[in-house]
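Quick one: sequence and predicted model below, then my questions.
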Amino acid sequence: MRATFALLTAACLSTAPTPAFAQDPLPPPMLPMAPSTPTAHDTQAIASVAEVASAEAGIHGSIDVGALGTTADGDEARYERYRDARSGAFTNLFLNRQSASWILDAGASHIGYRDQRYGANAWGPKFRGHFDWTSIPLNFSYVTRTPYTLNGSYLSLPDAAQAAVQAKTAVGVPCAPGAPPATP
């Protein structure tokens, strides 16, 4: 007990606060320059900067193409609950185009999969728009089966299964394996 107390006391004392040092003082603020009238040289420089900016405006973007390889042990649907992680090729596209008065951004991600996403944004002097479409799958199970069969445009239960449920020899809702049929 004494050794624990001594060790705890030493640990607390070794973490004692150390003195803090002050930071360097901030430099004095810059005084605003007196306004001046633009000269012909200034006007030419501003025009050349605008020409360079308009020449650089164009389509920019990226294309990613690759392979997606995934394996899962056990319940694959739970691993892929809100995504589509199937093995195969994937593609991502992103584009940007802008001018002096408008901007357009567009993108597509995981194209062709169940968790694909498409989006676009546009900004202009009189228009602002946003589009986003995201597909999010919800996977419960890949091995679930149903007793119903499709007859034309409706689902039906086979007559033998209906009779077993009505005679209370089979359960109409899932129960624990090996459990007796539910009683009303």
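Alright, I've got the coordinates. Numbering: from 1, shown residues only.

For stretch 111-131, which residues meet the burial criterion?
For stretch 111-131, burial by neighbour count (16 or more other CB atoms under 10 Å) applies to 113, 114, 116, 117, 118. (Each C-beta comes from the backbone N, C-alpha and C, glycine too.)

brain fart, stretch 76-86
76, 77, 80, 84, 85.

List the residues that contact the fourth one.
Read it as residue 84. Residue 84 makes contact with 110, 113, 114, 115, 137, according to CB atoms under 8 Å, 6 or more residues apart in numbering.

I'd like the secondary structure assignment at the fourth one, please.
Look at residue 115: counting by DSSP: H, G, I helix; E, B strand; the rest coil, its state is coil.

ok now do it, which residues does it touch?
Residues near residue 115 by CB under 8 Å, 6+ apart: 82, 83, 84, 134, 135, 136, 137.

Would you mind putting the CA coordinates of stretch 139-151 into PDB?
Provided in PDB are the C-alpha atoms of stretch 139-151 (Å, rounded to 0.1, in the frame of the first residue of the first chain):
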ATOM      1  CA  ASN A 139     -28.900  -5.100 -47.700                       C
ATOM      2  CA  PHE A 140     -30.500  -7.400 -45.100                       C
ATOM      3  CA  SER A 141     -29.600 -10.800 -46.500                       C
ATOM      4  CA  TYR A 142     -28.400 -12.500 -49.700                       C
ATOM      5  CA  VAL A 143     -29.700 -15.900 -48.700                       C
ATOM      6  CA  THR A 144     -33.300 -15.100 -47.700                       C
ATOM      7  CA  ARG A 145     -36.000 -17.000 -49.400                       C
ATOM      8  CA  THR A 146     -39.800 -16.500 -49.500                       C
ATOM      9  CA  PRO A 147     -42.500 -19.200 -49.600                       C
ATOM     10  CA  TYR A 148     -44.600 -17.000 -51.900                       C
ATOM     11  CA  THR A 149     -44.800 -17.600 -55.600                       C
ATOM     12  CA  LEU A 150     -45.600 -15.000 -58.300                       C
ATOM     13  CA  ASN A 151     -48.900 -15.700 -60.100                       C
END
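
hmm, back to that, which of the buried residues of stretch 111-131 sits closest to residue 155?
Distance to residue 155, by CB to CB, is smallest for residue 114 among the buried residues of stretch 111-131, at 23.6 Å.

residues contacting the closest one?
84, 135, 137.

try residue 142
Residues in contact with residue 142 (CB under 8 Å, 6+ apart) are 76, 77.

Doesn't it lie inside a strand?
No. With three-state DSSP as the criterion, residue 142 is coil rather than part of a strand.

if we can go back for a sec, between the buried residues of stretch 111-131, which sits nearest residue 66?
Nearest to residue 66 among the buried residues of stretch 111-131: residue 113, at 12.9 Å, using CB to CB.

thinking that closest one is in contact with residue 86, fair?
Yes. Counting by CB atoms under 8 Å, residue 113 sits close enough to residue 86 to count as a contact (6.9 Å).
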